[in-house]
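Participant: sharing a model that was predicted from the sequence below.
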Amino acid sequence: MTYRYLEHMTDAFIEVTGETLEEAFATAGIAVVDTIIDIKSVDKKTERKIKIEAPDLNNLLYSWLEEIIILTITDGYAAASFQVQITKSEKYVLDATVRGEELDFEKHHFKLEIKAPTFHLMEIRQEKPIVMRFLLDL
């Protein structure tokens, strides 16, 4: 379960890997939070639930990234860990338990503001390990 920043002129281009799709999505959540604030400074005091539905994996990833940005910037919640479960029937459904605490810019050391995820350069390779790449508009 790792992530790294790839080269891009103006935005955050991130590659995550995981042994499973759930692990890759959890790592993507960590990467987004760590792009905005210092995730190492966040304590796991409280828990929140997230549920997302989408017709395909790319839309699920987009909605997931968008939800993490909203959770952090709009709702003021700093997440430190993500437990993700993904199921598929007619749609993909992501259920997540997020642990963290209320956002405190002094404690959590604000880094960058993310405007939104994009579909540009988004890629999900479902081999072992799972590799996902996505771009965040800064």
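Facilitator: In hand now; what should we look at? Numbers count the residues shown, from 1 in each chain.

Participant: double-check that M9 belongs to a strand.
Facilitator: No: secondary structure assignment places M9 outside any strand; it is coil (DSSP: H, G, I helix; E, B strand; the rest coil).

Participant: distance of it from V16?
Facilitator: To V16, M9 is 21 Å away according to C-beta to C-beta, to the nearest Å. C-beta: built from backbone N, CA, C; applies to glycine.

Participant: do the same with A78
Facilitator: Distance check for A78 against V16: by C-beta to C-beta, it reads 19 Å.

Participant: if we can go back for a sec, higher neighbour count, M9 and V16?
Facilitator: The residue with more neighbours, out of M9 and V16 and counting by other C-beta atoms under 10 Å, is V16; that gives 26 against 5.

Participant: tell me the phi and psi of the more buried one?
Facilitator: phi -120, psi 150 (degrees, to the nearest 10).

Participant: how close does it get to K115?
Facilitator: Where K115 is concerned, V16 sits at a distance of 20 Å (C-beta to C-beta).

Participant: what of K128?
Facilitator: According to C-beta to C-beta, K128 stands 33 Å off from K115.

Participant: for the longest helix seen in the chain, packing partners?
Facilitator: In the chain, assigned by DSSP state H, the helix with the most residues is helix 21-36. The contact analysis (3 or more C-beta pairs under 8 Å, 6 or more residues apart in numbering; DSSP states H and E) places helix 21-36 against strand 2-6, strand 12-18, helix 57-69, strand 77-88, strand 92-102, strand 130-137.

Participant: mind doing that once more with 6 Å?
Facilitator: Taking 3 or more C-beta pairs under 6 Å, 6 or more residues apart in numbering; DSSP states H and E as contact, the helices and strands that helix 21-36 lies on are strand 12-18, helix 57-69, strand 77-88, strand 130-137.
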